[in-house]
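> Structure for the following, please:
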Amino acid sequence: METLLFLFPQFNYMAPKEEAYFKMFGPEDLQATKMKEDSGRQKDKDKRSRLSLFLTKSGSHENVSPHKKTNSTQSNISTEAALQWSDSFEELLKHSDGVETFSQFLRTEFSEENIEFWLACEEYKAIDSKTKLLSKAKYIYSVFIESEAPKEVNIDYNTKMAIQKNMAQPTKSCFEAAQMKVYSLMKKDSYPRFLHSDIYLRLTKRKGPGATMFRRRSRSCVFNERGEATTEPSAW
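The predicted structure is shown next:
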């Protein structure tokens, strides 16, 4: 019995299972198995790399990328310029620094896909080439619109279905309804919170602790006989 167990270790239940298993294969079998496993791991790695590249390749996404501007760059924004952003949401979007700062705020709320989608639509409407228009439309749809998209925006079912029908022959206005809905959401919901966020308040109160923040308009403050500025009670 002992001799049989020595000759056929796969039947020796006292031996480690891994050792008994691998002794059943020859060197060539083991090498083929290892090569197959390595190939599978490489394919998974390549797939993850392609997905990462796809998500970061958009022109609009690059415009608002957190790596585009650092805090040191943001420190170059003047208080006067930042105060203009509080006049209206439209005024905020007119300034590239305003868009970038607002995008940073949306990232803290995990809703940066809204501004990225809006910017992508603005770029889309400016395209003249039919070939590029089709390519950009497919990109916007796959990244922002379709179900389970990587950066799916919150729009209603009917709007989403209307866009889907237009994908065969997209026009410059096929994303217009969705863009307006996302714009309204940012203006009514995100923008008011942005004006009270730490990101924005740091820009508008950088003159030192306890400094008074004045609005850009002249009616926000008055000057006494010594030329010192004092705020009106209704300034805010």
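> host element of residue 191?
If you go by DSSP states H and E, residue 191 is part of helix 191-195.
> what packs against that helix?
Of the remaining helices and strands, those touching helix 191-195 by 3 or more CB pairs under 8 Å, 6 or more residues apart in numbering; DSSP states H and E are helix 96-108. C-betas here are computed from N, CA, C, even on glycine.
> The helix it packs on: which residues count as buried?
97-106 (16 or more other CB atoms under 10 Å).
> Which single one of the residues you listed is nearest to residue 85?
Closest approach to residue 85 among those (CB to CB): residue 98, at 4.7 Å.
> OK, contacts around the closest one?
With contacts defined as CB atoms under 8 Å, 6 or more residues apart in numbering, residue 98 is in contact with 82, 84-85, 91-92.
> Those into a markdown table, with extra columns for neighbour count?
Formatted as a markdown table, the contacts of residue 98 follow (neighbours: other CB atoms under 10 Å):
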| residue | neighbour count |
| --- | --- |
| 82 | 24 |
| 84 | 16 |
| 85 | 26 |
| 91 | 13 |
| 92 | 23 |
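> Pull the most distant pair out of those residues.
Taking CB to CB, the two most distant members of the contacts of residue 98 are 82 and 91; they sit 11.1 Å apart.
> looking at the chain, which helix or strand is least sure?
helix 59-63 (a mean of 40; mean pLDDT, DSSP states H and E).
> What are the boundaries of the helices in this structure?
Secondary structure of the chain (DSSP state H): helices located at 2-7, 17-22, 27-56, 59-63, 71-74, 79-84, 89-93, 96-108, 113-125, 130-140, 157-166, 176-185, 191-195, 198-204.
> Lowest average pLDDT across those helices?
Among those, helix 59-63 has the lowest mean pLDDT, at a mean of 40.
> Which segments of this structure make up each domain?
2-46, 61-204 (automatic domain parsing).
> Let me see the contact set for residue 141.
Neighbouring residues of residue 141 by CB under 8 Å, 6+ apart: 163-164, 167.
> List the contacts of residue 77.
Going by CB under 8 Å, 6+ apart, residue 77 touches 97, 101, 203.
> tally of neighbours for the closest residue to the second one other than its chain neighbours?
So the one you mean is residue 101. Nearest residue to residue 101, sequence neighbours excluded (CB to CB, 6 or more residues apart in numbering): residue 199, at 6.3 Å. Close neighbours of residue 199, defined as other CB atoms under 10 Å, add up to 14.
> Surely residue 199 is in contact with residue 107?
No: judged on CB atoms under 8 Å, residue 199 makes no contact with residue 107 at a distance of 9.8 Å.
> How much space separates residue 195 from residue 94?
Using CB to CB, to the nearest Å, we find residue 195 at a distance of 16 Å from residue 94.
> ah, wrong one, I meant residue 171
As for residue 171, its distance to residue 94 is 26 Å (criterion: CB to CB).
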